[in-house]
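Trainee: coords please:
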Amino acid sequence: MNTTKITQRKSTLFYTVGLLIVLLNLAGCSLKREDAGPYQGDQQTYAFTDFDRIDMGSAFIITVQQGTTYGVTVEGDRRNLNDLQVYTRNGTLMAQYRVARRREYQTSFTITMPTLRSVDFSGASRSTITGFSNLNTLDVTLSGASECQFTGQATGTNVKLSGASVLRLSGQGTALSADLSGASLLQAFGYLVDNVGLDASGASNANVNVASALVVDASGASNIRYRGKPTVQQRVSGASTVQND
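Mentor: Now for the predicted structure:
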């Protein structure tokens, strides 16, 4: 009797382990790059209006440009475009894939809009923002090794970078506030402002051009370089540095 029970328990255990292995293999397959075959180019256009914020991820190539009217065009492999979710919510243009998997071919967005308040790009996206001048406030959030180039003017620019992301700023403004973590880089020598507030950690780096006042909190081997002759208030720890360039 005991032998029978032990045999049944072993059989149940082997079945459970085998089922778990199968499920893990199936889950792993969904994360592998599919055998996409030849590129099948396609384009989609969306008639969205009345948005001034953008929230996107998934390694997209994103071009944002100022214009008098709205326009959203997407180019890429047809199968990727068929898997896209593109929509607006509360004034924010949003895009993501329905299924999370590695993509053989890139998907590119071209977005035209009259004004811009904020962008939130993630997932190793690459973006370029041009043509916007006299913005009141611009918020830029990058994560997951994303990169962005902004050329324009904003009275107040608020930046949050994490996960080895990179932001390059060109133009001018009045105030720049930045929170950098996880080996991120803010390159803003070409973006002249009056006042800068920086919080950098985790081996992050910032290059800024500031005329009046610079306030820095740097930790974890972060490095801040600045141009101009501002008054400087700094709190530095963990082999971090603040240097005039």
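Trainee: how is the chain partitioned into domains?
Mentor: Annotated domains of the chain cover 1-32, 43-244 [automatic domain parsing].
Trainee: so of the ones you listed, which one's packed in deepest?
Mentor: When the domains of the chain are scored by mean count of other CB atoms under 10 Å, the highest mean neighbour count falls to domain 43-244 (a mean of 18). C-betas here are computed from N, CA, C, even on glycine.
Trainee: measure it end to end?
Mentor: Start-to-end span of domain 43-244 (CA to CA, to the nearest Å) is 48 Å.
Trainee: what about that domain, average pLDDT?
Mentor: Mean pLDDT, computed over domain 43-244, is 98.
Trainee: run the chain-centre distance for that domain.
Mentor: The chain centre lies 7 Å from the centre of domain 43-244; the measure is CA atoms, centre = their mean, to the nearest Å.
Trainee: what about the helices in this protein?
Mentor: Assigned by DSSP state H, the chain shows helices spanning 2-31, 78-82.
Trainee: least confident of those, on average?
Mentor: helix 2-31 (a mean of 41).
Trainee: so residue 112 bridges to which residues?
Mentor: For residue 112, the beta-bridge partners are residue 65, residue 71 (DSSP bridges).
Trainee: against residue 59, how distant is it?
Mentor: Computed as CB to CB, to the nearest Å, the residue 112 to residue 59 distance reads 22 Å.
Trainee: what does residue 226 give?
Mentor: Distance, residue 226 to residue 59, by CB to CB: 33 Å.
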